[in-house]
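Undergrad: sequence and predicted structure, then a few things I'm wondering about:
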Amino acid sequence: MTTGAIRVLVAKPGLDGHDRGAKIIARALRDDGMEVIYTGIRQTPEMIVEAALQEDVNVIGLSILSGAHMQLFPKIVEGLSENGMDDVLLVAGGIIPQDDRDALEEMGIRGVFGPGTTTGEIIAFIREELGEEAASEQ
């Protein structure tokens, strides 16, 4: 269980410049009482890890539509591990084929959310994984 507000880094790895979904998720998490840091578009894995380290986050949400998740996500996982951040909850969303989800989960991505997932489902997942009750229930 976390102390204080849940801190979430929302990041757009790679060259994908479409960030509307990431901004919607960031706003929903913020409206639920979480502290949200949005890195903006076109972030390298190293930039994401550094931001997560500096901001001392509990969660990293990776939004990707480019199809480069199998190339970029392992580098993020590796960077977090190298910096002793294995306890950070990793979630991902965007266009991620079903065939890749098992491999992502094996590498440490604990939740993968595709098109049609509601913001409420994502919030509930994060809170459950961190042992928190929903803000609206407090």
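TA: That came through, no problem.
Undergrad: just say helix, strand or coil for the residue nearest the centre of the chain.
TA: Closest residue to the average C-alpha location of the chain: residue 61 at 1.0 Å, with Cα atoms, centre = their mean. Put simply, residue 61 is strand when judged by DSSP: H, G, I helix; E, B strand; the rest coil.
Undergrad: dump the residue contacts of it.
TA: 8-11, 22, 25, 29, 91-93, 122 (Cβ atoms under 8 Å, 6 or more residues apart in numbering). Glycine gets a C-beta too; all of them are placed from N, C-alpha and C.
Undergrad: beta partners of it?
TA: For residue 61, the beta-bridge partners under DSSP bridges are residue 10, residue 91.
Undergrad: for this structure, longest helix please?
TA: helix 69-82 (DSSP state H).
Undergrad: helices and strands around that one, which ones?
TA: helix 45-55, strand 59-64, strand 89-94, helix 98-107 (3 or more Cβ pairs under 8 Å, 6 or more residues apart in numbering; DSSP states H and E).
Undergrad: kindly export the second one (C-alpha atoms) in PDB.
TA: This means strand 59-64. Output in PDB follows, covering the C-alpha atoms of strand 59-64 (Å, rounded to 0.1, in the frame of the first residue of the first chain):
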ATOM      1  CA  VAL A  59       3.200   3.500 -11.600                       C
ATOM      2  CA  ILE A  60       4.400   4.000 -15.200                       C
ATOM      3  CA  GLY A  61       1.800   4.000 -17.900                       C
ATOM      4  CA  LEU A  62       3.200   3.400 -21.400                       C
ATOM      5  CA  SER A  63       1.000   4.500 -24.300                       C
ATOM      6  CA  ILE A  64       2.000   3.200 -27.700                       C
END
